[in-house]
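Enquirer: Next input, structure requested:
(one chain, ligands or ions: 1)
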Amino acid sequence: MATPAAVTGSKPRPSTSYGPGRRTFRELVGEEMVDIYVGPEEVHFRIHKRILCDRVPYFQKMFTSGFKEGSENAARFPEDDPDSFDMLVDWIYFYNIRGLARMKDSDGNDIITWDPVRFYCLAEKLCLPMVMDNIMDTLRKYHKKMQELPSPDFIYRAYASTSDKSPLRNYCLMTIRYILADLGKDETEEGWPTSEIQKLFKDHDSFASDYITATRDGISGDPRDLPKCFFHVHGEDEPCITNDWNGKRKYYALPQQKHPKKQCLESAGPRASPASPSWSTAAMIGR
Ligand SMILES: [Zn+2]
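Expert: Numbers count the residues shown, from 1 in each chain. Predicted coordinates:
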C-alpha cells in the first residue's frame, strides 16, 4: 500500500488530545425557539431563535425590536410558500441549497424538486443576497445540465413576483432575447410559442421595456454561458460572496451575509418590501 505523500518521511507524533475551544453547535443555535407559520395552511416551523436572527437580518429586526412577534416568539406569513421556507430553513442551519433535479408527479408529469421563482422571491423579500446568488448558480447549472431555459410560464411568474432589475428577471429577459435573436424558429417555436411570448409583452410593461432596452444595447447570446456574477446582486466592484462558498456545509466558517446596499428593513417594519438590488442591465453591458 502506498504511503500518503504528505506524511512520507515525517516523524510520527502522539495524537493531539481534545480540549474545548471551538464554538459548539449548541452555542451556535442557542436554546430559545420561535414558531413561524407559513402559507394559508399555517405550516409550522420551530426554529432556534439565535441562528435565525444571526442569519437573517429581517428576523433580527422582527424578533428583537419590540414588535409583537418578538414578545410572542411567533410570526405568521400567510402569503408565503411553505416549501420555499423549508428551503430557507435548510440554508439557515446548514448554508445548504439543495440541487435541482427532475422527477415525476403523481400523474406522471415531469416536475422539478423545488420552485426557483418562489424561493428567489422569498430570498429577495428577506434581503438575502447570498441565497439569491446561489439560487441563480444552482438554476443555471441545472439548466445547463438538462439543456433547458426558462419557459414562458417561468418568465411570466418571475416578472410577476420579483423586483425590477432582479437578476432572475434579467436571466429570463436574456432567454427571450436568445430565443428570438439567436436561435432558429424550428428549434424554439414549440417551447416558446409566439402567443406565449406575446402575453409577456402584453401583461408586463416592464418586460416590454426591458426587452427594447436589451435589443437597442445589442444584448444576445446564451445566458447560461455568461459568468456567474452577471446574475448576482453584488455590484461590479464588490466581492463575490459565492467565491467562498461552494455548496459544502461549512457553516462554522462562513461570514455573515450583507446586502450590497444595506437597505433591508433597517428603516422599515418587518413586512416592508426590500429595495431593488443594485444589479442592472446597464451594469451588465459594461462588463
Ligand atoms: Zn458574484
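Enquirer: switch to C-alpha atoms for all contacts and neighbour counts from now on
Expert: Fine.
Enquirer: what sits up against the lengthiest helix in the chain?
Expert: Ranked by residue count under DSSP state H, the longest helix found in the chain is helix 129-146. With Cα atoms under 8 Å, 6 or more residues apart in numbering as the test, helix 129-146 has contacts from 91, 97, 99-101, 116, 119-120, 123-124, 148-149, 167-168, 224, 228, 231-234, 241-242, 257-260.
Enquirer: same thing but 7 Å
Expert: By Cα atoms under 7 Å, 6 or more residues apart in numbering, the list of residues contacting helix 129-146 from outside reads 99-100, 116, 120, 123-124, 149, 224, 228, 231-233, 241-242, 257, 259.
Enquirer: Ok, stretch 103-123 next?
Expert: Identification of contacts with stretch 103-123 by Cα under 7 Å, 6+ apart yields 84, 100-102, 131-132, 135, 158, 161-162.
Enquirer: Quick check: mean pLDDT of the longest helix of the chain?
Expert: The predicted model gives helix 129-146 an average pLDDT of 95.
Enquirer: Likewise for stretch 182-191?
Expert: Mean predicted confidence for stretch 182-191 is 89.
Enquirer: Strands of the stretch 51-200 of the chain, residue ranges please.
Expert: 74-77, 102-104, 110-112 (DSSP state E, counting those that start in this stretch).
Enquirer: Give the pairing partners of the last one; include direction for each.
Expert: According to DSSP bridges, strand 110-112 forms sheet pairs with strand 102-104 (antiparallel).
Enquirer: tell me which residues in the strand it pairs with are buried?
Expert: Residues of strand 102-104 classed as buried by neighbour count (16 or more other Cα atoms under 10 Å): none.
Enquirer: how about the strands of the stretch 51-200 of the chain in a markdown table, adding distance to the ion and mean pLDDT?
Expert: What follows is the strands of the stretch 51-200 of the chain, written out as a markdown table (distance: least, Cα to the ion, whole Å; pLDDT from 0 to 100):
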| stretch | distance to the ion | mean pLDDT |
| --- | --- | --- |
| strand 74-77 | 30 | 96 |
| strand 102-104 | 26 | 93 |
| strand 110-112 | 25 | 93 |
